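Colleague: 3D, please:
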Amino acid sequence: MRTLARLAALPAAGAIGLATLLVAAPAEALVTVQPSITGSAPASAHLGDPVTFSYTISLPTTVYATSIATHQDAALPASATAVTLDNSPVPADQITRSGGDLTIQTGAAPSDGLAAGDHTLTFTAAVASPDPADTSSSATLHYSPTPPPMLVAPVLGGSVDSAPVTIAINQPDLSVVLTPDSGEDQVGLLGTGQDIDFEVDVANLGYGSPTSTLTLTLPTGTKLGADGVSWDSDGSTVTCSPLDASHLSCPLGALAHDSGDDPTLNIDLTTTPGEPVGTVGTITAAVAPDAGQGTDTDRGNDSVSAQLEFTGAARLSYTITPAKKQIPLGGKVDVTLTVHNAGPQPAPSTVGFAVVVGSQFDVVNFTGRTVPPPAALPLARLHNLGTVVKPGVTGAVAPGSAPDGGGSAVLWFVGDIPAGHSVTATLTLKARQLGTAKVGLLAISGAADPNCPNFDCNPTTVPISVVAVPAPVAHGGGTPISGGTGTLPDTGANTGPAVLGLGLLVAGAGLLLLGRRRPAVAARRVR
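Modeller: Okay, the predicted model is just below:
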């Protein structure tokens, strides 16, 4: 009505001129101005963070009397300082603040406008609350398409709103890493009636301290073992409730912002009578904040899976067959080692230990594999023997001392043994000292072995004696061969395959190779 009153007050000639202008002007020049405004900001922030908003104004034609109003949630009040338009500071007298919102006049005079093209407005806001919230910001561009004094805003002017820019305030970002005890990126081996550990690392890479829950999806043929789910730090048990036959819900309590010392849990799984022997199953761990505890800002790292192979049972037996059981000092003897699998399932990734107890012999050759094949028992299980057993090294390693006075051993990567089959290798020994030594053999695989419960195996042993060289006999005036002294001179390191200290092997081979481990989890994020 105000505009009509002004028109009525114009002199007749002026009114006629304005009417002529309005009629003569193309309609699109007056009303078909279609600017747009688009905002952006960081996806998340927490208490104390400054948040920079950027709004791009796109104008197909020049507009006038322009202003921009922001609309801020209470958790993100805008600051009236450091406001820029096209990288130039906006003077304070062109900025009005109301609560947490700003109105920015784009020129020194209310009638000033913006030229056609793109313009960028930036301003900052600060997170004002420690509570988690999903917030948003938006902005409205007010404009007129006609220059002054032809300001007839109700008819010719307009406004356009941006889409909301969403920001997660003080929200968590939970992550989970799942590792079988055989090592990262490995398939865990689970024999009938045996247990396998999975290590779960959970972390809150975001903010807040939400109470959270770990959900486990177990493969068919498994259930929680006697140790259940427990915290690695103190061994305390996490009480998990079954959701259905294959899902467990495990409350974790509050997860504070990641400090670099992530909480770690251990999951003990064992087989059920219905295990699908010979197949590979998948275990999945997923973590999420509880209801009302915020919204996870990155759902891509909330769930992870690992695999385990059901290896069934395989009964291994060992045979040691020396070519002779009495060897003259300085002589050599070949000892045939055999590992047999009576089944009923294959014995995957079998590893054997050929042990020489005593200092009567040096190991000078071995025909079995001493370098692990790619599909062998994961090398992570050998990490504690790394200073002695060096895969790929076939040179000699001096045997270590043992409480019984000496000895040495060879680590043999036997490989997979089908049910009903055997694998053999030959160990060559050189007699260096009078007396009797024992050659022992044991083997372990990824399958459950009734002969080796909990990897507590009984080795097979065979005694071999070193005897004196027969008295010298002269032939045809030749020079007699001198008699033995009981010990050959020590010429340094053995010239045979890699061997490891007997004491180390006997004291802890089963524990080091197949016992439960706590693997170091590789860096999975940039803090």
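Colleague: pretty sure residue 340 belongs to a strand, no?
Modeller: Yes: assessed with DSSP: H, G, I helix; E, B strand; the rest coil, residue 340 lies in a strand.
Colleague: distance of it from residue 445?
Modeller: Using C-beta to C-beta, to the nearest Å, one obtains 12 Å as the distance from residue 340 to residue 445. The way it works is simple: take the backbone N, C-alpha and C, and place the C-beta from them, glycine included.
Colleague: shared neighbours, those two?
Modeller: Here residue 340 and residue 445 have 316, 417 as joint contacts, going by C-beta atoms under 8 Å, 6 or more residues apart in numbering.
Colleague: between those two, who's got more neighbours?
Modeller: Using other C-beta atoms under 10 Å, the more surrounded residue of residue 340 and residue 445 is residue 445, with 28 against 17.
Colleague: any idea how far residue 207 is from the more buried one?
Modeller: Going from residue 445 to residue 207 by C-beta to C-beta gives 48 Å.
Colleague: do the same with residue 224
Modeller: 32 Å.
Colleague: tell me which of these two has more neighbours.
Modeller: Using other C-beta under 10 Å, the more surrounded residue of residue 224 and residue 207 is residue 207, with 25 against 17.
Colleague: so that one makes contact with residue 168?
Modeller: No: contact criterion C-beta atoms under 8 Å: residue 207 and residue 168 do not qualify, at 9.2 Å.
Colleague: what do the two both touch?
Modeller: residue 132.
Colleague: quick one, phi psi at the residue nearest the centre of the chain?
Modeller: Geometric centre of the chain, nearest residue: residue 177, 4.5 Å, by C-alpha atoms, centre = their mean. Dihedral angles of residue 177 (phi, psi; degrees, to the nearest 10) stand at phi -130, psi 140.
Colleague: surely it touches residue 200?
Modeller: Yes: using C-beta under 8 Å, residue 177 is in contact with residue 200, at 7.2 Å.
Colleague: where does the closest residue to residue 63 other than its chain neighbours sit: helix, strand or coil?
Modeller: Nearest non-adjacent residue to residue 63, counting by C-beta to C-beta, 6 or more residues apart in numbering: residue 143, 4.0 Å away. Under three-state DSSP, the three-state class of residue 143 is strand.
Colleague: against residue 244, how distant is residue 143?
Modeller: On the measure of C-beta to C-beta, residue 143 and residue 244 end up 59 Å apart.
Colleague: got it, and residue 95?
Modeller: 58 Å.
Colleague: same thing with residue 315?
Modeller: For residue 315, the distance to residue 244 - C-beta to C-beta - is 36 Å.
Colleague: more crowded one of those two?
Modeller: More crowded of residue 315 and residue 244, by other C-beta under 10 Å: residue 315, with 18 against 7.
Colleague: was I right about that one contacting residue 451?
Modeller: Yes: between residue 315 and residue 451 a contact is recorded at 5.6 Å, counting by C-beta under 8 Å.
Colleague: hmm, back to that, which pLDDT value goes with the residue nearest to the centre of the chain?
Modeller: Turning to residue 177, the model gives it a pLDDT of 93.
Colleague: swap in residue 361?
Modeller: As predicted, residue 361 sits at a pLDDT of 94.
Colleague: not counting sequence-adjacent ones, nearest residue to it?
Modeller: residue 429 (4.0 Å).
Colleague: so the one you found makes contact with residue 464?
Modeller: Yes: using C-beta under 8 Å, residue 429 makes contact with residue 464 at a distance of 7.3 Å.
Colleague: quick check: neighbours shared by these two?
Modeller: In contact with both residue 429 and residue 464: 327, 333, 335, 361, 439, using C-beta under 8 Å, 6+ apart.
Colleague: so residue 365 versus residue 415, what's the distance?
Modeller: Going from residue 365 to residue 415 by C-beta to C-beta gives 20 Å.
Colleague: ah, wrong one, I meant residue 146
Modeller: In terms of C-beta to C-beta, residue 146 sits 86 Å off from residue 415.
Colleague: could you do residue 160 as well?
Modeller: According to C-beta to C-beta, residue 160 stands 71 Å off from residue 415.
Colleague: follow-up on the earlier one: more neighbours: which of residue 365 and residue 415?
Modeller: residue 415 (21 against 16).
Colleague: where's the more buried one, which helix or strand?
Modeller: In the assignment (DSSP states H and E), residue 415 maps to strand 407-417.
Colleague: the stretch 151-300 of the chain: helices as residue ranges?
Modeller: Assigned by DSSP state H, counting those that start in this stretch, the stretch 151-300 of the chain shows helices spanning 153-156.
Colleague: show me the shaky parts of it.
Modeller: 151-156, 182, 184-185, 259-262 (pLDDT under 70).
Colleague: that one: strands as residue ranges?
Modeller: 158-161, 165-169, 174-180, 188-191, 195-204, 211-217, 222-231, 241-242, 247-254, 264-271, 280-289 (DSSP state E, counting those that start in this stretch).
Colleague: same deal with the stretch 1-150 of the chain?
Modeller: 36-40, 44-45, 50-59, 64-72, 84-85, 88-89, 95-98, 101-105, 117-126, 133-144.
Colleague: I'm done for today, thanks for sticking with me.
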